[in-house]
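Asker: What follows is a predicted protein model with its sequence.
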Amino acid sequence: MRMSGSAVELSASDLSGSLSCTHLTALDLAVAKGLRKPSTWVDPSVIALRERGLDHERRGCDPFAPLRGRDLAVALRIKPEATV
C-alpha cells in the first residue's frame, strides 16, 4: 500500500489482507500516510520458510546441479542454417 498524491494505491496482497484483518489494513494505511513507522519485526518462521524455498529453487530449477563439481567435457551441436 502506498500513497500516490491523495490516492491510495493497493496491491492484491493489500486487498486480500483487508478481508482477513481490518486492523492490519488500518496500520498499513497509517504507514502509507506517514503517520506511523513501518514495523521492523520479522517472524523467524517466515525467514526459515523463505530459506527453504530458496534452497528448493536452487536444487529444483538448475538442470545441471547434479553435474556441478565434476570434471566433464561439453560438446556443442550447431544446427546448420535452414535454406530458403
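Answerer: The structure has been received and is ready for your questions.

Asker: Report the buried residues of stretch 22-33.
Answerer: Thr25, Leu27, Asp28, Leu29, Val31, Ala32 (16 or more other CB atoms under 10 Å). (C-beta placed from N, C-alpha, C; glycine too.)

Asker: Secondary structure element holding the residue nearest in space to the middle of the chain?
Answerer: Per CA atoms, centre = their mean, the C-alpha nearest to the average position across the chain is that of Arg50, at 9.2 Å. In this assignment (DSSP states H and E), Arg50 forms part of helix 44-60.

Asker: what's that helix in contact with?
Answerer: For helix 44-60, the external contacting residues (CB atoms under 8 Å, 6 or more residues apart in numbering) are Ala65.

Asker: Figure out how far it is from the centre of its chain.
Answerer: 11 Å (CA atoms, centre = their mean, to the nearest Å).

Asker: Dump it to PDB, restricted to CA.
Answerer: Extracted in PDB, the C-alpha atoms of helix 44-60 (Å, rounded to 0.1, in the frame of the first residue of the first chain):
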ATOM      1  CA  PRO A  44      11.500 -16.100  12.300                       C
ATOM      2  CA  SER A  45       9.300 -18.800  10.800                       C
ATOM      3  CA  VAL A  46       9.000 -16.600   7.700                       C
ATOM      4  CA  ILE A  47      12.700 -16.400   7.400                       C
ATOM      5  CA  ALA A  48      13.100 -20.200   7.700                       C
ATOM      6  CA  LEU A  49      10.300 -20.700   5.100                       C
ATOM      7  CA  ARG A  50      12.000 -18.300   2.700                       C
ATOM      8  CA  GLU A  51      15.300 -20.100   3.100                       C
ATOM      9  CA  ARG A  52      13.700 -23.500   2.500                       C
ATOM     10  CA  GLY A  53      12.000 -22.100  -0.600                       C
ATOM     11  CA  LEU A  54      15.300 -20.600  -2.000                       C
ATOM     12  CA  ASP A  55      17.100 -23.900  -1.300                       C
ATOM     13  CA  HIS A  56      14.300 -25.800  -3.100                       C
ATOM     14  CA  GLU A  57      14.600 -23.400  -6.100                       C
ATOM     15  CA  ARG A  58      18.400 -23.900  -6.200                       C
ATOM     16  CA  ARG A  59      18.000 -27.700  -6.200                       C
ATOM     17  CA  GLY A  60      15.000 -28.000  -8.400                       C
END
